[in-house]
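Q: Provided below are the primary sequence and the corresponding predicted coordinates.
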Amino acid sequence: MNRRLFLQTLIGATVVANQSAQALLLSGQGDLIVSIYPGTGAAEIDLHLFKTFTQPLSTALSNKLGKKVYTEPYRNFSLINNAIKDNRTDVLFVPPIVAIHAMQYGYQPLVRVKDLATGVLVKRKGQHVTRIGITEPDSWLGAMGRNVIAEHQLGTPAMLETVKTQDAVVYLLEQKAVQAGVLRTEKASKLIATGEYEAWDPLPVSPDFTVLIHQKLAANYAETVRQTMLTLPAAVTSSLQEAIHVPIKQFVTCSKQDYAVLAKAIGEKLPA
C-alpha cells in the first residue's frame, strides 16, 4: 500500500483502519504500529483526539527507535483480538485479558502500568440479589467478576446483566435494575461512600494495562521499547492518561509469569 494512502486511511476512519492495518515493522516496511485498546472504562474519544493524546508516546518511541511510530485505536474486543491473531500489529498497549490473549499468538509482555488492577463486587444494602451488572467477559472486570461469582456461588449466569462499560453498571445500580455490580475499586468506593451499598466480594488483584511486542521483533527492539516506557517523562504519561481509564503514572517491568493467576482464572494457559 502507498505510504501516504496508508496514513490517510489510518487517520481518516477507525473501523476501516483497524480492518486493513498491518504490522509495518513486522512485515518489513521499517515503521512501527502500536495498537491500543483504551479499555471499556474509557470515555469515547474521536480519532483526532486519540492521535493528539498518544502523539507524545509515538514521538518518545520514535526518538529511541529511530523509526516512525504510529498509534492505532481499537474500541472493540473482536477487532483487537483478530489483529492479534493475525499478527497485524507490532506493539500492543492493552488491558490484561487482551494481553493474555496476545501471548497465545507470539506477543510477549515488556512493561505494565505500576498500579495493579483491583475491583469489587458491590451490592445494595439489605436487598436480595437477583440481577448483577457486569461488563463483557473479555474485559478484566467481566472475566474476574464472572470467576468470583462462579467460584463463590454468588449467582448464576442467568442473573448477569452484561453491559459495555462500568458507567453502565453504575447506572443500572442507581436505577435499581440490578442489586449488585462488578466495578473497579475507585468507582465501587464512591458508591459505598453513599451509604447505600456495601462491598460483597473483592476481585483477585492482577497486573493491569500491558505493553507487549511480537517475539519476532523482540531481539532487536524489546529492550529499547522497554527502557523507553520505563523512563517516559511525566508529560507523556499525562497525555496518554487522557485516552486510558486506568492510572498510568509509571510503568514497571513484567513477565509472563506475572499473569499466571489471571490466566488460570479465565481458563487460559500461558505459553512457555
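A: That came through, no problem.
Q: from the chain's centre, how far out does the longest helix along the chain sit?
A: Longest among the helix segments of the chain by residue count, using DSSP state H, is helix 47-65. In terms of C-alpha atoms, centre = their mean, to the nearest Å, the centre of helix 47-65 is found 18 Å from the chain centre.
Q: List the residues that contact the residue positioned nearest the centre of the chain.
A: Computing the C-alpha centroid of the chain and ranking residues by C-alpha atoms, centre = their mean puts P95 first, at 2.1 Å. Taking C-beta atoms under 8 Å, 6 or more residues apart in numbering, we find P95 in contact with 37, 39, 139-140, 208-210. Where you see a C-beta, it was placed from the backbone N, CA and C, and this is true even at glycine.
Q: Let me see the ranges of the strands in the stretch 1-150 of the chain.
A: Ranges of strands within the stretch 1-150 of the chain are 32-36, 69-73, 91-94, 107-113, 119-124, 132-135, based on DSSP state E, counting those that start in this stretch.
Q: Now tabulate those strands in JSON lines and tack on mean pLDDT, mean neighbour count and distance to S255.
A: Formatted as JSON lines, the strands of the stretch 1-150 of the chain follow (pLDDT from 0 to 100; neighbours: other C-beta atoms under 10 Å; distance: least, C-beta to C-beta, whole Å):
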{"stretch": "strand 32-36", "mean pLDDT": "94", "mean neighbour count": "24", "distance to S255": "20"}
{"stretch": "strand 69-73", "mean pLDDT": "92", "mean neighbour count": "23", "distance to S255": "24"}
{"stretch": "strand 91-94", "mean pLDDT": "96", "mean neighbour count": "26", "distance to S255": "16"}
{"stretch": "strand 107-113", "mean pLDDT": "97", "mean neighbour count": "24", "distance to S255": "6"}
{"stretch": "strand 119-124", "mean pLDDT": "97", "mean neighbour count": "23", "distance to S255": "23"}
{"stretch": "strand 132-135", "mean pLDDT": "97", "mean neighbour count": "27", "distance to S255": "27"}
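Q: now those strands in JSON lines, with distance to S238?
A: Shown next, in JSON lines, are those (distance: least, C-beta to C-beta, whole Å):
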{"stretch": "strand 32-36", "distance to S238": "16"}
{"stretch": "strand 69-73", "distance to S238": "16"}
{"stretch": "strand 91-94", "distance to S238": "16"}
{"stretch": "strand 107-113", "distance to S238": "13"}
{"stretch": "strand 119-124", "distance to S238": "24"}
{"stretch": "strand 132-135", "distance to S238": "26"}
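Q: what sits opposite E72 in the beta ladder?
A: Taking DSSP bridges, one obtains S35 as the residues bridged to E72.
Q: Against A272, how distant is it?
A: 29 Å (C-beta to C-beta, to the nearest Å).
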